[in-house]
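[1] this one's structure only:
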């Protein structure tokens, strides 16, 4: 009895409060073998909740669910399950018989089954595909060929496509038949005799149209479509701007598949998290609650940057004599490196976001802009610090040296912040090194070089500072 | 002639390449007063492109468009126009006669007209509302009452709601009628005799249902809805998780309105950009191409942080004697402040993102976790730097001092990075100061305090370092 309660409590821990009671009842049904009560209650849950409930179950109770649900019912559960680090698709599939798993994967919407299959080993992938009807396996193999984060990898084959010569009632009937299977019925894609995509009709305009018309009379021929290799971020921008609920993917005018807005919602979230994580130099979505594991995920970045920071330390070490002569110089090291690092982080963030909207960005103009911005910021910040230091230390020379160093260090950091992601992008390297911590650590190095060289020059010119 | 071309070029500059030719032709039509050609070509554009084209026109050409389009046609243009800093709703409306503007606002989807009206002065707002039919003005006034960034501010009144006792054919007929007006027809909301929301039917299941049934036989009663005061980020999570294309907003079981997935796509983008901007200490979406303006937007942060950095400088100044005795200490200032700043930025980013998912976050557990992570990272980084310094400078005491300072500085920065956004959140202050640059500048201060105190202690204990 105690064990039963524990089970239920563990299962409901991560679920929405609203369904925790239902979930507890369902766990009890599973444990008491009450199939009818379980199936009733389970059917009442929303797809997403069904998926979360199933994921949270201990393995032996999932076994019971597998026994009770048909592969096609299970497909509905898996269709609503996010595929990420927390879900382990290979383990979930291994809990089923290969035949059951293959049939379930076959019944899922193709974009979702492809997402799961991508996580499997080559051996398992081939096994499941070999157990599916040849036509379906072929369709999935095609989708598996597209690179991650492209339109092709997001698209689904579950759309409605009808001939342009169909009449409105024929089209309406076809929609009714397809509604049982298709992932979306808001848009109906219209093909000509050569099977080429020539237009699109919304279900709304189909419902409002006169029965005597043909599809080609009411279809919208001004199509917006993307190629299968289009970057998913670009796809997301198009769908967000145009408020489309689905977008066709075409190649040589042939309809390859459609992308649904709910997949785009996930893309927008994922891309934003990726940019955010990069800026902070830490994977904010790792979801690791174990402090030791979390620490060891953050450490590689930090340790790597410590070695870059050692470069800065040896530069200062090289100016040892200067610091011994004028210990006052040590006072402004962190002020100059810190401010330049902050300015570099700002320009990095702006550059990264502008590069994400490539179509409208002239990179050289962007770089020139950052140089001008760096000049303005450098002059203002330099004058500020000149004034503060001169007043504080009653020493104009020191004020000049620190202010000048600050201004130049900011300019350099600003340009580096914009230039580094730009180069990374140009040579098609994922700009992982273009992170906030990297830029500020790198700018520490350039800043102290600038600072001590200027200070050295001043001492050489004026004999003291 | 030269002037004409200039006009067209300026208009098409920001538009998609695909429509630049169409846009140039449309500008020519406007300039030559060719109404028919313009209306034909304009109708061929997608809603979003129409909005962008209109925004890019010079004011005198917009005047021509206003003359040629009915308020209801213009409403379609404005429905697809994003309301942000670049669009100036008040100026756009001022270009129309008050009657025309009021009728257009009335014809727009309510959530969109509310977004525009919110940007107006109280005087203009009252004027436009007074020119609308009383019932519509009341509906808009209700929506204007909801706080920004809540479910209420996102919702629209343009939904389909039908009685639970309607039959399937009656419901189908009602959907057809409503399809001309409603913002979405994918879900039909079902009300009981008391006008309370009791269920939802998808258009898909309505199309598949037997004609002899009533709505209440096929409706889904397991509704997920939100209250009007729900935070928009929470609404976005629900819609993203459940893949809903619209979500009802209810109060006391009464349906107040619906939220559409395309508004949520914008919310997800906006919230992500907000977090990103904050982490970098710069508004990355300001879209300012004027370097001077862009510089002056970034400067307040930087100058503010320079004064915080002056605090760090005066701490180092206070240890002037120490640096004069052991100039080698200056070598490691930027290494320690930089590394602690990086660690603090990491823990800040993780904390901010975790707080965004409040429902599943135990803040005390989170803080304890960051303390433990800080200890692990501090120990590993401290040992690394101890080894490097000891080997480099053949000086175990110096290695110990620097390593120990590094370890403790990291621990403090880690805890500050998690604690500051947490406090801001608890006292309901928008955590603007919880930015990456602020945390790293603050941790500069704590780091040098820790470093020089430890170094001073070592020199006191061992006579030298």
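    Arrived safely. Just so we're clear, the structure is a prediction, and the values are computed from it rather than from any experiment. Numbers count the residues shown, from 1 in each chain, chains lettered A, B, ... in the order given.

[2] can we go C-alpha only for contacts and neighbour counts from here?
    Noted.

[3] Shouldn't residue A:148 be within a helix?
    No: using DSSP: H, G, I helix; E, B strand; the rest coil, the assignment for residue A:148 is coil, not a helix.

[4] how close does it get to chain B?
    Relative to chain B, residue A:148 is positioned 21 Å away (criterion: Cα to the nearest Cα, to the nearest Å).

[5] tally of neighbours for that residue?
    Applying other Cα atoms under 10 Å in any protein chain shown, we find 15 residues neighbouring residue A:148.

[6] per-residue confidence for it?
    Reported pLDDT at residue A:148 in the predicted model: 84.

[7] what stretches of chain A score poorly on pLDDT?
    Filtered on pLDDT under 70, chain A yields the residue ranges A:1-14, A:85, A:286-289, A:357-361, A:430-434.

[8] Would you state the strands of chain A in chain order?
    Under the criterion DSSP state E, strands of chain A are mapped to A:161-163, A:187-191, A:197-202, A:246-251, A:254-260.

[9] Given the first one, what are its sheet partners and their directions?
    It stands for strand A:161-163. If you go by DSSP bridges, strand A:161-163 pairs up with strand A:187-191 (parallel).

[10] what comes up buried for the strand it pairs with?
    Along strand A:187-191, these residues count as buried under the neighbour rule (16 or more other Cα atoms under 10 Å in any protein chain shown): A:187-191.

[11] Please produce TSV containing these, extended by distance to residue A:88.
    Conversion of those to TSV gives the following (distance: Cα to Cα, whole Å):
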residue	distance to residue A:88
A:187	34
A:188	35
A:189	35
A:190	39
A:191	39
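
[12] quick one: which of the residues you listed is nearest to chain B?
    residue A:187 (11.2 Å; Cα to the nearest Cα).

[13] quick one: contacts for that closest one?
    The neighbourhood of residue A:187, defined by Cα atoms under 8 Å, 6 or more residues apart in numbering or on different chains, consists of A:160, A:200-203, A:246.

[14] let's see it at 10 Å
    A:159-161, A:175, A:200-206, A:244-248 (Cα atoms under 10 Å, 6 or more residues apart in numbering or on different chains).

[15] same thing with residue A:266?
    A:82, A:236, A:272, B:240-241, B:243, B:265, B:268.

[16] Repeat the analysis, applying 7 Å as the threshold.
    Applying Cα atoms under 7 Å, 6 or more residues apart in numbering or on different chains to residue A:266 gives the contacts residue B:240.

[17] Same question for residue A:137.
    So residue A:137 contacts residue A:129 (Cα under 7 Å, 6+ apart).

[18] Of all the strands of chain A, which one is nearest residue A:335?
    Closest to residue A:335 of the strands of chain A, according to Cα to Cα: strand A:254-260, at 49.8 Å.

[19] contact partners of the closest one?
    Contact with strand A:254-260 is made by A:154-157, A:159, A:195-197, A:245-250, as judged by Cα under 7 Å, 6+ apart.

[20] quick one: which of those is nearest residue A:333?
    Closest to residue A:333, out of all of the contacts of strand A:254-260 and judged by Cα to Cα, is residue A:154, at 49.6 Å.

[21] I'd like the distance between the closest one and residue A:219.
    25 Å (Cα to Cα, to the nearest Å).

[22] Show me which of those two is the more surrounded one.
    A direct count of neighbours by other Cα under 10 Å for residue A:154 and residue A:219 places residue A:154 higher, at 27 against 20.

[23] Show me where the stretch 351-465 of chain A has its helices.
    Ranges of helices in the stretch 351-465 of chain A, per DSSP state H, counting those that start in this stretch, are A:363-393, A:396-426, A:436-462.

[24] Those helices into CSV, with extra columns for distance to residue B:338?
    As requested, the helices of the stretch 351-465 of chain A are exported to CSV (distance: least, Cα to Cα, whole Å):
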stretch, distance to residue B:338
helix A:363-393, 20
helix A:396-426, 15
helix A:436-462, 6
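
[25] what would these look like in JSON lines with distance to chain B and mean neighbour count?
    Formatted as JSON lines, the helices of the stretch 351-465 of chain A follow (distance: least, Cα to the nearest Cα, whole Å; neighbours: other Cα atoms under 10 Å in any protein chain shown):
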{"stretch": "helix A:363-393", "distance to chain B": "5", "mean neighbour count": "20"}
{"stretch": "helix A:396-426", "distance to chain B": "10", "mean neighbour count": "23"}
{"stretch": "helix A:436-462", "distance to chain B": "6", "mean neighbour count": "22"}
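
[26] closest one to residue B:303 among those helices?
    Nearest to residue B:303 among those is helix A:363-393 (6.6 Å), distances taken as Cα to Cα.

[27] tilt between that closest one and helix A:396-426?
    Relative orientation of helix A:363-393 versus helix A:396-426 (axes from the mean of the first three to the mean of the last three Cα atoms, to 10 degrees): 160 degrees.

[28] Would you check how far apart residue A:285 and residue B:366 are?
    Residue A:285 sits 14 Å away from residue B:366, going by Cα to Cα.

[29] no no, residue A:309
    Taking Cα to Cα, one finds residue A:309 at 29 Å from residue B:366.

[30] quick one on the thing from earlier: out of the contacts of strand A:254-260, which is nearest to residue B:389?
    For the contacts of strand A:254-260, the nearest to residue B:389 is residue A:154 (50.5 Å; Cα to Cα).

[31] wait, what's in contact with that closest one?
    Residue A:154 makes contacts with A:111, A:259, as judged by Cα under 7 Å, 6+ apart.

[32] and if you look at residue A:383?
    Contacts here follow Cα under 7 Å, 6+ apart; on that basis residue A:383 touches residue A:403.

[33] again, but for the one 4 residues further on
    Taking Cα under 7 Å, 6+ apart, we find residue A:387 in contact with residue A:399.

[34] same question, residue A:261
    The contact partners of residue A:261, taken as Cα under 7 Å, 6+ apart, are A:245-246.

[35] neighbours around the closest residue to residue A:182 other than its chain neighbours, how many?
    Spatial nearest neighbour of residue A:182, chain neighbours left out: residue A:158 (4.8 Å); criterion: Cα to Cα, 6 or more residues apart in numbering or on different chains. Residue A:158 has 19 neighbouring residues, counting by other Cα under 10 Å.
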